[in-house]
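[1] Structure for this input, please:
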Amino acid sequence: MRKVCVVSGNRSDYARLKAVLNAIQERQDLELDLIVIGSHLLPDFGTTIEQIRSDGYSVFATSRTIIEGEDPASMTKSIGLGVMELTTLFDTVSPNIVLISGDRFEIFSAAIAAAAMNLHLAHLQGGEVSGTFDESIRHSITKMAHLHFPATVGARERIVRLGEMPENVHLVGCPSIDLVDSIPEADRETVCHRYDLDPSEPYVIVIQHPVTTEFREAGNQVLETLEAVEEMGLSGLMLYPNVDAGSERIVRTIRGMEEAGKLRRLHKYKHIPVEEFVPLMRHAAVFIGNSSAAIREGSYLGSPAVDIGTRQNRRERGANVLNVAHDRNLIREAIELQMDHGAYPSDPLYGNGQAGHGVAEILATAELGPVQKTLSY
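    A predicted model of the protein is given here:
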């Protein structure tokens, strides 16, 4: 039996890992050890470890790896702290494989620790392109990983071009699409009543994270978005940003607008479980901001989306996404266009709902080979 240690550091990578966690637990030839770190443990970001536990997963260990500050220095120190903490935990678990997802700084710690400890590393969602420091982290993890699970054809091609052995690069799709596919549809009235929205009018979803390479502008950038939504008189809901550098500036801007009597029609949340968030996406008039969910899950659902700024720069996307700069007039025009258009056809760009079992099968049966890596050319 192979022991797989899965590390989750935030609400977004957990949504992508759930289908894989389920598939691992269903197999007799895999043993799961789940380590929870990062913003999962922070009240300001929803203490989402409670969601993990309520979903029925046994947590092997937790570790507080976030240093307060929400700036590049605190992010960098958090990476170092994460390496130290996860080194101890990996030494305790002694896994055959460490599995991580994505491209965030919390997960970078897990990749560094696993690689330096001569552990086989498996990585979901490598090979994608985007804005921010996340792109550098993503490709760095690719060069440390031994098994790769890209979500798209283009991502697989990039991983191979980075010098990875083609036989170790498995195109499986994004496991978050598995969840989208498995969540029952709910009627619009039920969804609206659950979140105190008026079912007789359209609602929007707003999620805007800081761009770490532009963190000083995060407050001004979100101000343009929120002023556009305010000027249009739109109702809906907003999720607070992640823990990246610049998030405090976004939160201060939100609170400043609230103190000025604005944003009363936007309900704010630290976290919404994916089982409730997917139905919200299905019925939303427009998804606004810079979250990859609008591009990844949104393409599958056909959700009209307005992507703002550079955070998702060059990420593969379906026809459902319009990209605009941080300008309230351009944002307002794009929102109006998307509201007039309505839902788009479903696009399986990021998968067809079978990724979780595909990943688990490969984790159980793949020839792990030597830990030492080399370029394939």
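[2] what helices or strands is the lengthiest helix in the chain leaning on?
    Taking DSSP state H as the assignment, the helix of the chain that covers the most residues is helix 72-93. On a contact count with 3 or more C-beta pairs under 8 Å, 6 or more residues apart in numbering; DSSP states H and E, helix 72-93 meets strand 2-8, strand 30-37, strand 59-63, helix 105-116. C-betas here are computed from N, CA, C, even on glycine.
[3] Hey, what's the angle from the second one to strand 2-8? Just curious.
    Translated: strand 30-37. Angle, strand 30-37 to strand 2-8, by axes from the mean of the first three to the mean of the last three C-alpha atoms, to 10 degrees: 20 degrees.
[4] Which strands or helices does strand 30-37 pack on?
    Applying 3+ C-beta pairs under 8 Å, 6+ apart, we find strand 30-37 packed against strand 2-8, helix 11-26, helix 49-54, strand 59-63, helix 72-93, helix 105-116, helix 355-365.
[5] Turn these into TSV, including mean pLDDT and mean neighbour count.
    As requested, the helices and strands packed on strand 30-37 are arranged in TSV below (pLDDT from 0 to 100; neighbours: other C-beta atoms under 10 Å):
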stretch	mean pLDDT	mean neighbour count
strand 2-8	98	24
helix 11-26	94	23
helix 49-54	94	15
strand 59-63	96	17
helix 72-93	96	17
helix 105-116	96	24
helix 355-365	97	21
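[6] Which one of those lies nearest to residue 330?
    Of all these, it is helix 11-26 that lies closest to residue 330, at 26.2 Å by C-beta to C-beta.
[7] what's near enough to touch residue 253?
    Taking C-beta atoms under 8 Å, 6 or more residues apart in numbering as the criterion, residue 253 is in contact with 219-220, 222-223, 226.
[8] repeat that with 10 Å
    Shown in contact with residue 253 (C-beta atoms under 10 Å, 6 or more residues apart in numbering): 208, 218-223, 225-226.
[9] out of the helices and strands packed on helix 72-93, nearest to residue 283?
    Across the helices and strands packed on helix 72-93, residue 283 has its closest neighbour in strand 2-8 (27.9 Å, C-beta to C-beta).
[10] thinking again about what came up before, now the helices and strands packed on helix 72-93 as TSV including distance to residue 357?
    Shown next, in TSV, are the helices and strands packed on helix 72-93 (distance: least, C-beta to C-beta, whole Å):
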stretch	distance to residue 357
strand 2-8	14
strand 30-37	12
strand 59-63	23
helix 105-116	23
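[11] what's the closest of the ones you listed to residue 351?
    Proximity to residue 351 (C-beta to C-beta) singles out strand 2-8 among those, at 19.0 Å.
[12] So in that sheet, which strands flank the closest one, and in what orientation?
    In the sheet, strand 2-8 lines up against strand 30-37 (parallel), strand 97-101 (parallel) (DSSP bridges).
[13] Using JSON lines, please lay out those strands together with mean pLDDT.
    Output for these, formatted as JSON lines (pLDDT from 0 to 100):
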{"stretch": "strand 30-37", "mean pLDDT": "98"}
{"stretch": "strand 97-101", "mean pLDDT": "98"}
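[14] For the nearest residue to residue 324 once chain neighbours are set aside, give its distance to residue 311.
    Leaving aside its sequence neighbours, residue 324 sits nearest to residue 330 (C-beta to C-beta, 6 or more residues apart in numbering; 4.4 Å). As judged by C-beta to C-beta, to the nearest Å, residue 330 and residue 311 stand 16 Å apart.
[15] So which of those two has more stuff around it?
    Between residue 330 and residue 311, counted using other C-beta atoms under 10 Å, residue 311 has the larger neighbour count: 24 against 17.
[16] looking at this, that one is in a strand?
    No - counting by DSSP: H, G, I helix; E, B strand; the rest coil, residue 311 is not part of a strand but coil.
[17] Name the nearest residue to it, sequence neighbours excluded.
    Using C-beta to C-beta, 6+ apart and skipping the chain neighbours, the partner closest in space to residue 311 is residue 290 (4.0 Å).
[18] wouldn't that neighbour be in contact with residue 211 here?
    Yes - look at residue 290 against residue 211 with C-beta atoms under 10 Å: they come within range, at 7.5 Å.
[19] Just the CA atoms of stretch 231-244, as PDB, please.
    Output in PDB follows, covering the C-alpha atoms of stretch 231-244 (Å, rounded to 0.1, in the frame of the first residue of the first chain):
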ATOM      1  CA  GLU A 231     -23.000  52.800  -9.800                       C
ATOM      2  CA  MET A 232     -25.000  50.100 -11.500                       C
ATOM      3  CA  GLY A 233     -27.000  49.400  -8.300                       C
ATOM      4  CA  LEU A 234     -26.300  45.700  -8.500                       C
ATOM      5  CA  SER A 235     -27.100  43.200  -5.700                       C
ATOM      6  CA  GLY A 236     -25.100  40.100  -5.000                       C
ATOM      7  CA  LEU A 237     -22.400  38.700  -2.800                       C
ATOM      8  CA  MET A 238     -18.700  39.200  -2.300                       C
ATOM      9  CA  LEU A 239     -16.000  37.000  -0.900                       C
ATOM     10  CA  TYR A 240     -13.100  38.600   0.900                       C
ATOM     11  CA  PRO A 241      -9.700  38.100  -0.700                       C
ATOM     12  CA  ASN A 242      -7.100  35.500   0.000                       C
ATOM     13  CA  VAL A 243      -4.100  36.000   2.300                       C
ATOM     14  CA  ASP A 244      -1.700  37.300  -0.400                       C
END
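[20] For it, buried residues please.
    234-244 (16 or more other C-beta atoms under 10 Å).
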